[in-house]
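Enquirer: Turn this into a model:
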Amino acid sequence: MEEPVAAHSRYEELARQLSAIGAVKREMGRILPQDCPPASAAVLTLLDRHGEMRMSQLAELMAIDMSVTSRHVAHVCERGWIEREPDPADKRSRLLRLTPSGTEMLQELSTRYTAALARYLGDWSDDDVGLLNELLARLRTSFGDCRTRAHHDFNTRNDLTTRNDLSSRNDLSTRNDFSTRNDLSTRTPAG
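Expert: Residues are numbered from 1 along each chain as shown. Model (predicted):
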């Protein structure tokens, strides 16, 4: 059986590595077109993945406030990448959907993202890239869908943050590194 200290040390290192993923995501964000910041790319990706939806659902998937979501939606609407149509079920609401121009932008984003990954990981073997894909998918599965926990009850979150346990705080703070805000990584190149 493994010593608790050894396991704790291993998880501390994992917490440091997960925190460092933020730098990788920022670097990948630099390859995006100037008029399509990471949040806009996330809006397009989520609409592509989940289909048309109301802004409230988009805000939930992005794990951000409605006012922030509204600004991101306005940005992509102004560029013609999405459209807002009345919801037939509730005329007071609008449904967001990708336009052909938005689909073209997603293809450009995917091409840029894939080319950057190929450039940065060019010295990795296919087996190493495959292993990384498997381990990241397993990590996401272990955490479950973080977006659905973004709105869980305050007491549960409060218990996690007040615990005098460094690794729990690191886990909570690094969860944001894996939010969908900048998540193009789960989009397949073929779209």
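Enquirer: Could you look up the next helix or strand downstream of the lengthiest strand in the chain?
Expert: Counting residues, the longest strand found in the chain (DSSP state E) is strand 90-98. Tracing the chain past strand 90-98, the next element assigned as helix or strand by DSSP states H and E is helix 100-120.
Enquirer: Just checking the distance from that following helix to the centre of its chain.
Expert: Computed by C-alpha atoms, centre = their mean, to the nearest Å, the chain-centroid distance of helix 100-120 equals 16 Å.
Enquirer: Could you give me the buried positions within that helix?
Expert: 102, 105-106, 109-110, 112-113, 117 (16 or more other C-beta atoms under 10 Å). Heads up, the C-betas are built off the backbone N, CA and C, glycines and all.
Enquirer: do the same with stretch 32-44
Expert: 32, 36, 38-44.
Enquirer: ok, so of those residues, who is nearest M62?
Expert: A42 (6.1 Å; C-beta to C-beta).
Enquirer: roughly how far apart are the closest one and K91?
Expert: Distance from A42 to K91, counting by C-beta to C-beta, to the nearest Å: 28 Å.
Enquirer: now E108, nearest residue through space, not along the chain?
Expert: The shortest distance from E108 to any non-neighbouring residue, by C-beta to C-beta, 6 or more residues apart in numbering, is to P33 (7.0 Å).
Enquirer: How about the secondary structure of the one you found?
Expert: Under the three-state scheme (DSSP: H, G, I helix; E, B strand; the rest coil), P33 adopts coil.
Enquirer: any weak-confidence spans in the protein?
Expert: 1-3, 145-191 (pLDDT under 70).
Enquirer: what's the offset of the helix ranked longest in it from the middle of its chain?
Expert: When the chain is parsed with DSSP state H, its longest helix is helix 4-29. Mean-position distance between helix 4-29 and its chain equals 17 Å (C-alpha atoms, centre = their mean).
Enquirer: let's have the chain start at 38 instead
Expert: Taking 38 as the first residue, the last one we looked at is helix 41-66.
Enquirer: list the helices and strands that helix packs on?
Expert: helix 137-157, helix 203-211 (3 or more C-beta pairs under 8 Å, 6 or more residues apart in numbering; DSSP states H and E).
Enquirer: before we move on, the earlier item: and the buried residues of helix 137-157, which is closest to S46?
Expert: L154 (30.4 Å).
Enquirer: if we can go back for a sec, what's the farthest-apart pair in the buried residues of stretch 69-81?
Expert: That would be L69 and V80, which, of these, are the farthest apart (C-beta to C-beta) at 12.6 Å.
Enquirer: Can you give me the neighbour number for the residue lying closest to L158 once chain neighbours are set aside?
Expert: Once flanking residues are discounted, L158 sits nearest to V166: 6.0 Å by C-beta to C-beta, 6+ apart. A count of nearby residues for V166, using other C-beta atoms under 10 Å, gives 13.
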